[in-house]
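1. Curious how this folds, go ahead:
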Amino acid sequence: MTKYFKRSLIFLAFIFTIQNSYSQLGISHEIGVFVGSVAFKSDFGVRNDFGTNAGNTGIALGIVHYINFAYRADCNCYSTDTYFNDHFKLRSEISWNKTELEHIGEWVDNSRQSEEANQLRAHTGEAQNWDIGMQLEYFPLSIRAFSAGVYSFAPFIAAGAHLVSYQPNVKTTFGDGNVNNNDNFYNFWDDVANGEPFVSVDGGSTWSFVASIGTRYKLSILSDLFVELRGQYYFNDFIDGLNHNLPSNKDNDWNVWLNFGYIYYLD
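-> Okay, here's the model as predicted:
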């Protein structure tokens, strides 16, 4: 986690340098915060099961910064009228999300009283992640017109990359409760593991791809509300502390965010 904060400070210093450079060019800035819900799509539960998707949900918090190319802070005027300036914003973000995980679905149904079912019921986890990264947001409608109040809503789509610091937590109440004892976990995972670990409490860092769709709502001349639906795909499968080799484990971990936020325009 210390390494993550060092990286964050370096990243923020980099952003600050960029901001100063852009400010000299007359680019303006926006800051905001958001809170949201995260549906974690991991190796817990049953693939494509509604109960799993609805049950393994958590919370997200974040701070965002936008570079607004359409408006010049140095003269309180609009910048050069180009398509890019009027339809794109660059977003940087620091965010945190946490999700409690459990096995949900047919394999832990009360009708199943096998050792394997009991192992799954006893196994829980937690995914806790810090994100830092950037997205390029595209607004089909004119940013200038939205800023002037011509439109109440400004829909957008976005894509980018986030560096993720992850710290999973693994628990089991089966057997002796030792997470390093494979006998305490689903027998079929051990059968196909070939000696490789399939549970881990080790933290680390990885990259992820993010893509969003959402809209802003003009609250006042200098403030907006926004809502977005975001998908995030991790380039690692141990974000949740579980990576088994059964055929059902076809993808790395990923999640879906639903965020609600507030944005303020800086002079």
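2. show me where pLDDT drops low in the stretch 1-150 of the chain?
-> Residue ranges of the stretch 1-150 of the chain with pLDDT under 70: 1-26, 46-53, 72-80.
3. if we go to 80?
-> For the stretch 1-150 of the chain, applying pLDDT under 80 flags the ranges 1-27, 45-55, 71-81.
4. neighbouring contacts of stretch 218-230?
-> Here stretch 218-230 makes contact (C-beta atoms under 8 Å, 6 or more residues apart in numbering) with 32, 34, 146-147, 149, 151-154, 156, 158, 210-217, 256-265. From N, CA and C alone the C-beta is placed, and that goes for glycine too.
5. Pull the number of nearby residues for Phe209.
-> Phe209 has 15 neighbouring residues, counting by other C-beta atoms under 10 Å.
6. May I have the phi/psi pair for Pro155?
-> Main-chain dihedrals, Pro155, degrees, to the nearest 10: phi -70, psi 150.
7. which SSE is the nearest residue to it once chain neighbours are set aside in?
-> Counting by C-beta to C-beta, 6 or more residues apart in numbering, Pro155 lies nearest to Thr215, which is 4.4 Å off, once chain neighbours are set aside. Assigned by DSSP states H and E, Thr215 belongs to strand 204-220.
8. With Ala145 instead?
-> helix 143-147.
9. can you check Gly36 too?
-> Assessed by DSSP H and E, Gly36 sits inside strand 27-41.
10. list the contacts for the nearest residue to Tyr66 once chain neighbours are set aside?
-> Spatial nearest neighbour of Tyr66, chain neighbours left out: Glu30 (4.0 Å); criterion: C-beta to C-beta, 6+ apart. Shown in contact with Glu30 (C-beta under 8 Å, 6+ apart): 65-66, 68, 89, 263-266.
11. quick one: Tyr265 and Gly36, what's the gap?
-> Going from Tyr265 to Gly36 by C-beta to C-beta, to the nearest Å gives 22 Å.
12. show me the contacts for Phe235.
-> Going by C-beta under 8 Å, 6+ apart, Phe235 touches 206-209, 252.
13. would you list those in TSV and tack on distance to Phe84 and pLDDT?
-> TSV is the format used below for these (distance: C-beta to C-beta, whole Å; pLDDT from 0 to 100):
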residue	distance to Phe84	pLDDT
Thr206	31	96
Trp207	26	97
Ser208	26	97
Phe209	22	98
Asn252	33	91
